[in-house]
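Colleague: let's see this in three dimensions:
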Amino acid sequence: MLKESRSSKRYNFSRYARIQVEMSGSSRDCLIVNMSEEGVRLHSEIPELPNEFTLVMPDAEHPRRTCRVVWRLGFEIGAKFTDLDRLPARRPPQTMRLKAVSPARTLPDPRLCMGNSVGNCPSMPISPM
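Modeller: Residues are numbered from 1 along each chain as shown. All right, here's what the predicted structure looks like:
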């Protein structure tokens, strides 16, 4: 069995999309077989598909992706997304957006330590720097 050498995980799909060759040109149907953050595998019955095209997915987070063909095998096409540097950063899911915070450091509040030794002063938490 071959070891997976791709840098991002592929997700299997069975979803229709459109291939647009020119910005103002007509588009043709295709089927997304699988997709990752970096590329897509398509089934398309367009034999004359050029090496660069736009994949149109109306209800996706990024509805238009520019692609460059990497490989072809019959009606299947492997393409790399070429617009990665122009896309806004993807927001991680809510559970991953929470930032780990180190425990609060405590320093004595000078107003409460008047006349007390430092060891006996009540402490108040301060936020980490």
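
Colleague: Cys67 versus Ile32, what's the distance?
Modeller: Distance, Ile32 to Cys67, by CB to CB, to the nearest Å: 11 Å. Quick note: C-beta positions are derived from backbone N, CA and C, even for glycine.

Colleague: overlap of the contact sets of these two?
Modeller: Taking CB atoms under 8 Å, 6 or more residues apart in numbering as the contact rule, Ile32 and Cys67 both touch Val40.

Colleague: which element is Phe13 on?
Modeller: Using DSSP states H and E, Phe13 sits within strand 11-20.

Colleague: tell me where the protein is predicted with low confidence.
Modeller: 1-6, 87-129 (pLDDT under 70).

Colleague: quick one: the strands in it, in order.
Modeller: In the chain, the strands defined using DSSP state E lie at 11-20, 27-35, 39-43, 52-56, 64-73, 76-81, 105-108, 123-126.

Colleague: export these to a markdown table and tack on mean neighbour count?
Modeller: Formatted as a markdown table, the strands of the chain follow (neighbours: other CB atoms under 10 Å):
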| stretch | mean neighbour count |
| --- | --- |
| strand 11-20 | 14 |
| strand 27-35 | 17 |
| strand 39-43 | 21 |
| strand 52-56 | 19 |
| strand 64-73 | 14 |
| strand 76-81 | 18 |
| strand 105-108 | 12 |
| strand 123-126 | 12 |
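
Colleague: coming back round to it: identify the residues contacting the strand holding Phe13?
Modeller: In contact with strand 11-20 (CB under 8 Å, 6+ apart) are residues 26-36, 42, 44, 46, 49, 53-57.

Colleague: ok, and what's touching stretch 70-79?
Modeller: Contacts of stretch 70-79 (CB under 8 Å, 6+ apart): 33, 39-45, 49, 53, 55, 67-69, 80.

Colleague: scratch that, stretch 40-51 is what I was asking about
Modeller: So stretch 40-51 is contacted by 10, 17, 19, 21, 28-35, 55, 65, 67-69, 75-79, 81 (CB under 8 Å, 6+ apart).

Colleague: repeat that with 7 Å
Modeller: For stretch 40-51, the surrounding residues in contact (CB atoms under 7 Å, 6 or more residues apart in numbering) are 19, 21, 28, 30-34, 55, 67-69, 75-79.

Colleague: alright, calling it a day.
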